[in-house]
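Chemist: sequence? don't have it. structure:
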């Protein structure tokens, strides 16, 4: 079980780092003006949208823009916290990992639902987005199932015994 947890943690660390970089540089171009980004980043984003026929990025549908705002306001800071929490073995990591997983899974369910229901979606585009649903579930399970390390606050039954009053 220990080796499996290490593989899960390494995978999640890679995803947290990826989202920490991609969200502010590329995803934010969906909801912020292109003029604030370097030409190279704008060209890369347009190449991606054309190459993978990502109609959500091109059309900037309202629900998708709202989900990108949610990603920038909630998921991006959680990804940064999770990188710090994982590398520093912080006791609150399971909680932030759980929050990250729940938010990512919910967002990806909405996005994939739109893609599957749309006639515009290519298989190539689905193969780009679908793994993130799995990563969300993986983060959710990591937050729920992996026991906390011994560094955190004591759990029930492991704390000090209740203090007794001394009688004279």
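Modeler: Sure thing, it's come through. Note that the structure is predicted; figures quoted are calculated from it, not measured.
Chemist: Mind jotting down where the helices sit in the chain?
Modeler: 2-25, 39-51, 55-59, 62-70, 76-87, 93-117, 123-145 (DSSP state H).
Chemist: low-scoring stretches of this protein, by residue?
Modeler: 1, 147-166, 168 (pLDDT under 70).
Chemist: go again using 50 as the cut-off
Modeler: When residues are selected by pLDDT under 50, those of the chain lie in 150-159.
Chemist: do you know which of the helices of the chain lies nearest residue 167?
Modeler: Nearest to residue 167, of all the helices of the chain, is helix 93-117, at 41.7 Å by CB to CB. Heads up, the C-betas are built off the backbone N, CA and C, glycines and all.
Chemist: Can you get me a residue count around residue 12?
Modeler: Using other CB atoms under 10 Å, residue 12 is surrounded by 23 other residues.
Chemist: Pretty sure it sits against residue 97.
Modeler: Yes: counting by CB atoms under 8 Å, residue 12 does reach residue 97; the two are 7.1 Å apart.
Chemist: residues shared between the contacts of the two?
Modeler: Jointly contacting residue 12 and residue 97 under the rule CB atoms under 8 Å, 6 or more residues apart in numbering are 82, 139, 142.
Chemist: one step back: I'd like the helices of the chain laid out as JSON lines, including distance to residue 31.
Modeler: Below are these laid out as JSON lines (distance: least, CB to CB, whole Å):
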{"stretch": "helix 2-25", "distance to residue 31": "11"}
{"stretch": "helix 39-51", "distance to residue 31": "12"}
{"stretch": "helix 55-59", "distance to residue 31": "11"}
{"stretch": "helix 62-70", "distance to residue 31": "5"}
{"stretch": "helix 76-87", "distance to residue 31": "13"}
{"stretch": "helix 93-117", "distance to residue 31": "14"}
{"stretch": "helix 123-145", "distance to residue 31": "18"}
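Chemist: surely residue 65 meets residue 30?
Modeler: Yes: contact status for residue 65 versus residue 30: in contact at 5.8 Å, counting by CB under 8 Å.
Chemist: thought residue 63 was touching residue 107?
Modeler: No: with contact defined as CB under 8 Å, residue 63 and residue 107 do not form a contacting pair (10.0 Å).
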